[in-house]
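1. need a 3D model of the following:
(chains A and B)
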Amino acid sequence: MTEEQQETFSSVSLATRDIHLAFGTNRVLRGVDLDVGKGETACVIGPSGSGKSTFLRTINRLIEPDKGDVLLDGVSVLDRDPDRLRQQIGMVFQQFNLFPHMNVLRNLMLPLRRIRKLSADEAEQVARHQLELVGLADKAGSRPGHLSGGQQQRVAIARALAMRPEVMLFDEATSALDPELVKGVLSLMADLSRQGMTMVVVTHEMGFAREASDVVVFLDQGVAVETGPPEKIFDSPDSPRLRQFLSDVL
Amino acid sequence: MDQLSTLWDTFFNWQSMRQALPDMLKTGLPNTLILSAISALIGTVLGMLLAMAGISRHRWLRWPARVYTDIFRGLPAVVTILLIGVGLSQIGMKMWGPNPYPLGILALSLIATAYIGEIFRSGIQSVDPGQFEGARALGFSHSAALLLVIIPQGIRRVLPAWVNQLIALIKDSSLVYFLGLAAGQRELFRIGQDAAANTGNESALLLAGLVYLVLTVPLTHFVNYVDHRLRQGRRTRTGPPDADETLLTAGETPLPVTSEGLK
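-> Just a heads-up that it's a prediction; the model follows:
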């Protein structure tokens, strides 16, 4: 959205309540609460192994929580069809997860046709428009493997947005990118945030968390140790663990 | 000198080759092609189903698939062919008359199914788990994600191994001669073998071998071509790739997934 093209999102608010999850005896999440208002951006920070990515996956039920609830606009999602839920929630991965055997355009069109049930013409129109918004209209015919990491991630974001999600989840979306490619993806994410997409962003980019988020959650050992506005979290952290973490990463 | 020319005559007697050639092309070649093509078709379809069963979430599908594969991959082809061709011959007689082909094809197909099933299964399982997760996150169901995203990638990777299996099938089709073939049912090997027995020299059998090579060698090279193409990836219209080139093209080993949620 380099040319300030405005998209209107039909975002919803998102909340998690007391999310618990264990893999065997390994208690990965131990009661995580999160509140993201409609159109707000929450960043989840914390050391690796703290359960950030797992937490993100419980929101769209790629991993089913053992206990707890996920609410969209105040309504629980746990008794709904998870496939339908995931159409409402876009997700962007560290490794992009574009389909390497089809070109960029078909990557966008496949879910539009098969899930949103658009005709071929409509799907192509939506896909091309979405690619234009992320500045990659000229790459429609390329295979993902022939794009740079930054371009691939922007295609992945376009693919998720084409489904018209009401919430977007980002799982360390820039961690696999070469340093010089990080900025382009972050600025696209910041654009989305400004334009009113409800977002949950797991990130190691503290600069982004400080600038773009409305609320920051510090997750450690499966617990949301501290939650607050970015100024509070970064400038006057209460807990020793957060202070330690910030001094390690900044 | 005399011994050498005898040796030469044993393998390269043009007269007996020329005598065997018409039968070889009119009877042997079509029969070999029928046996191997039909078995390849059945083996590929059943192999796909076997692979799906092998990766199923349900133990009652996985387990029989495992046992099936172990048995038919573990038995010598000739044992399977005889067990089925002779063992079921009474049923075969009732259904098809005195024709060993249906049972021969059945046996070859069952063997091919086991091998092709393993090939497909390994291909499907080699696809980066992130692909499945990516598809599910878009809203695809479990089966749609497998069908539209995972299986096409998995199959692509193992096409060379699949073609190799077709080559093996062409060669194994010679084993149906154990079931006893009428003159018009003989495939390449049997015609060469019969002619060799009649003439007392191996030239006709050598000719049969040459016809096999005419079938299999191009396939071998086709495999190499497909393999090469899959490794290189298809050329795109958009010119040279920019920035980092560490990324996947089909056929490459996937990057390891390191997301902490997927232990």
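2. just the helices in the stretch 51-200 of chain B please.
-> For the stretch 51-200 of chain B, applying DSSP state H, counting those that start in this stretch gives helices covering B:59-74, B:77-87, B:89-96, B:101-125, B:129-138, B:142-145, B:151-172, B:188-199.
3. can you check which helix is longest in chain A?
-> In chain A, with assignment by DSSP state H, the single longest helix is helix A:179-194.
4. ok, chain B next?
-> helix B:203-232.
5. picking that back up, now for the longest helix of chain A, which elements pack on it?
-> For helix A:179-194, the elements it packs on are helix A:149-162, strand A:198-202, helix A:206-212, judged by 3 or more C-beta pairs under 8 Å, 6 or more residues apart in numbering or on different chains; DSSP states H and E. Heads up, the C-betas are built off the backbone N, CA and C, glycines and all.
6. can you put the ones you listed in a markdown table and add mean neighbour count?
-> Formatted as a markdown table, the helices and strands packed on helix A:179-194 follow (neighbours: other C-beta atoms under 10 Å in any protein chain shown):
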| stretch | mean neighbour count |
| --- | --- |
| helix A:149-162 | 25 |
| strand A:198-202 | 27 |
| helix A:206-212 | 18 |
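7. which among those is found nearest to chain B?
-> Among the helices and strands packed on helix A:179-194, helix A:149-162 comes nearest to chain B, with 5.4 Å by C-beta to the nearest C-beta.
8. what's in contact with the helix or strand just after that closest one?
-> Next along the chain after helix A:149-162, taking DSSP states H and E as the criterion, comes strand A:167-171. Contact partners of strand A:167-171, identified using C-beta atoms under 8 Å, 6 or more residues apart in numbering or on different chains, comprise A:11-12, A:14, A:36, A:53, A:56-57, A:59-60, A:72, A:88-94, A:160-161, A:189, A:192, A:197-203, B:259.
9. got the angle for strand A:167-171 vs strand A:198-202?
-> Compare the direction of strand A:167-171 with that of strand A:198-202 by axes from the mean of the first three to the mean of the last three C-alpha atoms, to 10 degrees and you get 10 degrees.
10. now strand A:167-171: average pLDDT?
-> Taken as a whole, strand A:167-171 has an average pLDDT of 97.
11. enumerate the positions of the longest helix of chain A that are buried.
-> Residues A:181, A:182, A:184, A:185, A:186, A:188, A:189, A:190, A:191, A:192, A:193 are the ones in helix A:179-194 that count as buried (16 or more other C-beta atoms under 10 Å in any protein chain shown).
12. dump the residues you listed to CSV, plus pLDDT.
-> Listed next are the buried residues of helix A:179-194 as CSV, based on pLDDT from 0 to 100:
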residue, pLDDT
A:181, 93
A:182, 95
A:184, 93
A:185, 95
A:186, 95
A:188, 95
A:189, 96
A:190, 95
A:191, 94
A:192, 94
A:193, 94
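13. list the contacts of residue 61.
-> Looking at chain A here, since you left the chain open. By C-beta under 8 Å, 6+ apart, the residues touching residue A:61 are A:70, A:77, A:78, A:82, A:85, A:86.
14. wait, I meant chain B there
-> Per C-beta under 8 Å, 6+ apart, neighbours of residue B:61: residue B:53.
15. that older thread, just the buried ones out of the contacts of residue A:61, please.
-> A:70, A:77, A:85, A:86.
16. okay, now the unreliable bits of chain B?
-> Along chain B, the model assigns pLDDT under 70 to residues B:1, B:231-263.
17. how far is stretch B:181-193 from where the chain is centred?
-> 22 Å (C-alpha atoms, centre = their mean, to the nearest Å).
18. for that stretch, C-alpha coordinates in CSV please.
-> Extracted in CSV, the C-alpha atoms of stretch B:181-193 (Å, rounded to 0.1, in the frame of the first residue of the first chain):
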residue,chain,number,x,y,z
LEU,B,181,0.7,-68.8,-22.5
ALA,B,182,-0.9,-69.8,-25.7
ALA,B,183,0.9,-68.8,-28.9
GLY,B,184,-1.0,-65.6,-29.4
GLN,B,185,-0.6,-64.6,-25.7
ARG,B,186,3.2,-64.8,-25.6
GLU,B,187,5.0,-61.6,-24.7
LEU,B,188,8.5,-60.5,-25.8
PHE,B,189,10.5,-62.8,-23.5
ARG,B,190,8.5,-65.9,-24.2
ILE,B,191,8.8,-65.4,-28.0
GLY,B,192,12.5,-64.9,-27.8
GLN,B,193,12.9,-67.9,-25.5
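19. how about residues contacting that stretch?
-> B:20, B:23-24, B:27-29, B:31-32, B:35, B:98-101, B:173-174, B:176-177, B:194, B:204-209, B:211-212.
20. can you pull the buried residues of it?
-> Buried residues in stretch B:181-193 (16+ other C-beta under 10 Å): B:181, B:185, B:186, B:187, B:188, B:189, B:190, B:191, B:192, B:193.
21. can you pick out the most distant pair from the residues you listed?
-> Largest separation among the buried residues of stretch B:181-193 by C-beta to C-beta: B:185 and B:192, giving 14.8 Å.
22. contacting residues for residue A:198?
-> By C-beta under 8 Å, 6+ apart, the contact set of residue A:198 is A:9, A:11-14, A:36-41, A:166-168.
23. pLDDT wise, what is it at?
-> 96.
24. measure it to residue B:217 for me?
-> For residue A:198, the distance to residue B:217 (C-beta to C-beta, to the nearest Å) stands at 61 Å.
25. before we move on, what about residue A:203?
-> 56 Å.
26. of the two, give the one with the bigger neighbour count.
-> Under the criterion of other C-beta atoms under 10 Å in any protein chain shown, the comparison of residue A:203 against residue B:217 puts residue A:203 first, with 23 against 11.
27. could you give the angle of the longest helix of chain B to helix B:151-172?
-> Here the directions of helix B:203-232 and helix B:151-172 differ by 170 degrees (the same axes, to 10 degrees).
28. check which residues of helix B:203-232 are buried.
-> Applying 16+ other C-beta under 10 Å to helix B:203-232 flags B:203-208, B:211-212, B:215, B:223, B:226-227, B:230 as buried.
29. residue A:29 and residue A:19 touch, don't they?
-> Yes: distance between residue A:29 and residue A:19: 5.2 Å, which falls inside the contact criterion (C-beta atoms under 8 Å).
30. quick one, which of the two is more surrounded?
-> Using other C-beta under 10 Å as the criterion, residue A:29 and residue A:19 rank with residue A:29 on top: 28 against 25.
31. ok so, going back, in CSV, list the buried residues of helix B:203-232 along with distance to residue B:163.
-> Shown next, in CSV, are the buried residues of helix B:203-232 (distance: C-beta to C-beta, whole Å):
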residue, distance to residue B:163
B:203, 30
B:204, 29
B:205, 26
B:206, 26
B:207, 25
B:208, 22
B:211, 19
B:212, 16
B:215, 12
B:223, 4
B:226, 7
B:227, 9
B:230, 12
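32. SS state for residue A:68?
-> On the three-state scheme (DSSP: H, G, I helix; E, B strand; the rest coil), residue A:68 is labelled strand.
33. ok so, going back, so which of the contacts of residue A:61 are in strands?
-> residue A:70 (DSSP state E).
34. can you lay out the contacts of residue A:61 as CSV showing pLDDT?
-> Converted to CSV, the contacts of residue A:61 look like this (pLDDT from 0 to 100):
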residue, pLDDT
A:70, 95
A:77, 91
A:78, 88
A:82, 92
A:85, 93
A:86, 95
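35. intersect the contacts of residue A:61 with the contacts of chain B.
-> Applying C-beta under 8 Å from any C-beta of the partner chain to the contacts of residue A:61, one finds that residue A:86 fall near chain B.
36. looking at the contacts of residue A:61, which is nearest residue A:156?
-> residue A:86 (14.9 Å).
37. what residues are up against the closest one?
-> By C-beta under 8 Å, 6+ apart, the residues touching residue A:86 are A:60, A:61, A:62, B:136, B:137, B:138, B:139.
38. widest-spaced pair of those?
-> Longest span within those, C-beta to C-beta: A:61 and B:138, 13.5 Å.
39. correct me if wrong: residue B:172 contacts residue B:108.
-> Yes: applying C-beta under 8 Å, one finds residue B:172 in contact with residue B:108, separated by 6.2 Å.
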